[in-house]
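A.B. asks: Sequence and predicted structure are below.
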Amino acid sequence: MIKNIVTLCLLALATFQVKAQKQLKSGLIKLEITDVKSDDEMVAAQLDMMKGTETIYAFTDKTSYSQSNLMGGLMQMTTITDVKTQETLLLMDMMGQKMLVPSTKEDRDKFNPSNETAQWDVAYDKSDTKTIAGYDCYKANITMKGMDGGFKMYITEDILASTDMIQGMESMNLDGFPLEYIMEMPQMSFTYTAVEVTDKVDASLFEVDKSGYKEMTYEEFMKQMGGMAGGLGF
């Protein structure tokens with residue numbers, strides 16, 4: 001009798017593990033800024049206001065979507081990308097100034113040659129693991145040649161989403177999708193952690209309301225944003 005109970009418990013546990021680790025081919029991921037640090041007290045106080053800021057990523061085999069709210073909601077960025085053609089539509093609302101910017105991969109590479117030439121050094125440590133939002137993850141340490149700082153990540157191979165959705169990570173070619181990453185820069189660091197992962201994607205996310213937006217070319221957008229565009233990852 002006891003043997004049968006133990007067997008049933010082991011089967012139940014195995015079933016749970018299979019379900020928790022099923023591969024996610026389409027879904028929605030919410031990452032949140034869970035920690036900010038700086039050696040400068042004034043900078044740390046300003047950065048503390050960014051805690052709780054969410055970024056939403058959604059993906060299917062055809063389309064990817066990301067939405068970020070910055071500066072306490074004063075700026076909102078939404079990007080929708082065709083997975084096959086890599087054509088992207090950016091909608092930016094910056095304190096009421098609304099811009100609609102279609103672009104191709106060639107457009108983005110022309111103004112951001114680092115997207116193509118960036119050389120990332122990636123070192124995986126599969127002995128350093130943690131479970132995030134129900135997914136087993138292992139550590140990846142990432143640095144870019146010639147750049148101060150880098151990333152410490154915990155990635156999972158069970159979410160089949162491209163890191164191309166994440167601004168600044170387009171050329172990393174990681175073995176998995178990060179459910180937590182610490183972005184380290186001189187004098188400050190940000191920690192993003194997944195707070196929700198689901199296999200349900202609302203199709204309406206990929207339908208955009210263009211009313212009120214001024215359409216411009218990618219070149220016009222880059223000129224208007226100036227150096228700020230690079231800081232936002234464009």
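C.D. replies: Right, received. Where do you want to start?

A.B. asks: so how far is K145 from the residue nearest to the spatial centre of the chain?
C.D. replies: The residue lying closest to the centre of the chain (C-alpha atoms, centre = their mean) is I166, at 3.8 Å. To K145, I166 is 20 Å away according to C-beta to C-beta, to the nearest Å. C-beta here means a position set from N, CA and C on the backbone, and glycine is covered the same way.

A.B. asks: what's the answer for L174, then?
C.D. replies: Distance, L174 to K145, using C-beta to C-beta: 17 Å.

A.B. asks: M222 - that's part of a helix, no?
C.D. replies: Yes - counting by DSSP: H, G, I helix; E, B strand; the rest coil, M222 is located in a helix.

A.B. asks: Now do the strands in the chain.
C.D. replies: When assigned using DSSP state E, the strands of the chain occupy the ranges 27-38, 54-59, 63-70, 75-82, 88-94, 97-103, 120-132, 135-144, 150-156, 177-185, 188-198, 214-215.

A.B. asks: Was I right to think M92 contacts V101?
C.D. replies: Yes - counting by C-beta atoms under 8 Å, M92 touches V101, with 7.2 Å between them.

A.B. asks: The two: which is more packed in?
C.D. replies: Neighbours per residue, other C-beta atoms under 10 Å: of M92 and V101, the larger number sits with V101, 24 against 20.

A.B. asks: Now do the contacts for the more buried one.
C.D. replies: 89-92, 215-218, 221 (C-beta atoms under 8 Å, 6 or more residues apart in numbering).

A.B. asks: Run through the protein and note the low-pLDDT ranges.
C.D. replies: Scanning the chain for pLDDT under 70 picks out the ranges 1-22, 71-73, 113-118, 227-234.

A.B. asks: The closest residue to F111 other than its chain neighbours: neighbouring residues, count only.
C.D. replies: Spatially, and ignoring its direct neighbours in sequence, F111 is nearest to M222 (5.1 Å; C-beta to C-beta, 6 or more residues apart in numbering). Using other C-beta under 10 Å, M222 has 21 other residues around it.

A.B. asks: which residues touch K105?
C.D. replies: K105 makes contacts with 86-87, as judged by C-beta under 8 Å, 6+ apart.

A.B. asks: swap the cut-off to 7 Å and go again
C.D. replies: The contact partners of K105, by C-beta atoms under 7 Å, 6 or more residues apart in numbering, come to Q86.

A.B. asks: so the nearest residue to Y135 once chain neighbours are set aside bridges to which residues?
C.D. replies: Sequence neighbours aside, T156 is the residue nearest to Y135 in space, at 4.3 Å (criterion: C-beta to C-beta, 6+ apart). Taking DSSP bridges as the rule, T156 bridges to F177.

A.B. asks: Equivalent analysis for L24, please.
C.D. replies: When bridges are taken as DSSP bridges, the partners of L24 come out as I159.

A.B. asks: Wait, it touches D199, no?
C.D. replies: Yes - between L24 and D199 there is a contact at 5.8 Å, judged by C-beta atoms under 7 Å.
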